[in-house]
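> below is the sequence, then the predicted model.
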Amino acid sequence: MLRVVRRLALITAILSASSCAEPPSKEMNQAQGAIDAARAAGADKFASVEFAAAQDALKRSEDAVTAGDYRQALSHALDSRERAQNAAKMAVDGRADARGHAERAIAEVATLLSRAQAQLKDNPRPLKTPRSIVVDAEKMLQEARTALKAEDYPGVTKALNSAAAELQAALTEIDAAASPRPAPRKH
């Protein structure tokens with residue numbers, strides 16, 4: 001029985017030693033491929049922390065190969081591949097979430113703009129400030145739609161920076177101008 005245990009221990013030691021006798025090139029190449037796929041999915045923008053961790057793990061794997069520690073290199077390469085795959089998945093979700101937020105912001109401003117335009121059309125008073133806000137909002141909305149087509153979701157936010165709040169203020173001013181003024185009271 002003791003002899004069988006010794007043989008199994010010897011076989012395990014030989015297999016372990018032989019499996020780490022050379023650099024884990026295959027695993028490192030897989031990790032690099034996963035990093036490239038994650039970058040293509042937008043992980044550098046939408047999952048930057050996990051993407052950077054994947055790149056860092058690959059760098060540590062390369063450093064371990066240079067130091068001759070192939071077991072550690074293998075461990076880091078596998079970690080890098082897993083992190084890159086996670087980053088790619090996170091990027092897909094992050095991109096969809098960012099697009100949804102951008103589309104909702106555009107829809108909100110477009111709705112407010114339409115209301116303001118309709119109310120200005122029906123109001124005979126020369127309301128300079130609300131009209132100026134509407135003109136500016138039209139430009140901002142166009143810039144936001146261009147950014148959305150280019151998948152520049154932060155650009156959408158930048159383009160619509162204050163448009164919704166300004167349009168709300170313009171609508172309040174238009175409503176106030178359209179309301180009939182109370183007749184003076186007679187004493």
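Cool, the structure landed.
> so where's the protein shaky on pLDDT?
Per-residue confidence of the chain (counting by pLDDT under 70) places the weak regions at 1-20, 179-187.
> who does the helix ranked longest in it touch, helix- and strand-wise?
Here the longest helix in the chain is taken by residue count, with DSSP state H as the criterion, and it is helix 70-122. Contacts of helix 70-122 with other secondary structure elements, assessed using 3 or more C-beta pairs under 8 Å, 6 or more residues apart in numbering; DSSP states H and E, are made with helix 25-40, helix 43-46, helix 48-67, helix 128-149, helix 153-159, helix 163-178. To be clear about C-beta, it is placed using only N, CA and C from the backbone, and glycine gets the same treatment.
> and that helix with helix 25-40, angle?
10 degrees (axes from the mean of the first three to the mean of the last three C-alpha atoms, to 10 degrees).
> which ones are touching A144?
With contacts defined as C-beta atoms under 8 Å, 6 or more residues apart in numbering, A144 is in contact with 102, 105-106, 109, 155-156, 159-160.
> show me what contacts the most centrally placed residue in the chain?
Most central residue of the chain, judged by C-alpha distance to the mean C-alpha position with C-alpha atoms, centre = their mean, is F46 at 3.2 Å. Taking C-beta under 8 Å, 6+ apart, we find F46 in contact with 90-91, 93-95, 98.
> R115 now?
R115 makes contacts with 167, 171, as judged by C-beta under 8 Å, 6+ apart.
> recalculate using a threshold of 7 Å.
The neighbours of R115, taking C-beta atoms under 7 Å, 6 or more residues apart in numbering as the test, are L171.
> then A34?
Listed by C-beta under 7 Å, 6+ apart, the contact set of A34 reads 81, 84-85.
> one step back: got a ChimeraX select line for the buried ones in the contacts of F46?
Selecting the buried subset of the contacts of F46 in ChimeraX, with 16 or more other C-beta atoms under 10 Å as the burial test, is done by:
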select :90,91,94,95,98
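> any idea which of the contacts of F46 is closest to R39?
Of all the contacts of F46, R39 sits closest to A91, with 8.9 Å by C-beta to C-beta.
> nearest residue to A37 other than its sequence neighbours?
Nearest non-adjacent residue to A37, counting by C-beta to C-beta, 6 or more residues apart in numbering: A88, 5.6 Å away.
> hang on, the earlier thing: now tabulate the contacts of A34 in TSV and tack on distance to L141 and neighbour count.
Written out in TSV, the entries for the contacts of A34 read as follows (distance: C-beta to C-beta, whole Å; neighbours: other C-beta atoms under 10 Å):
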residue	distance to L141	neighbour count
R81	43	23
A84	37	30
Q85	38	19
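> okay, these in JSON lines with distance to A37 next?
Output for those, formatted as JSON lines (distance: C-beta to C-beta, whole Å):
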{"residue": "R81", "distance to A37": "10"}
{"residue": "A84", "distance to A37": "7"}
{"residue": "Q85", "distance to A37": "8"}
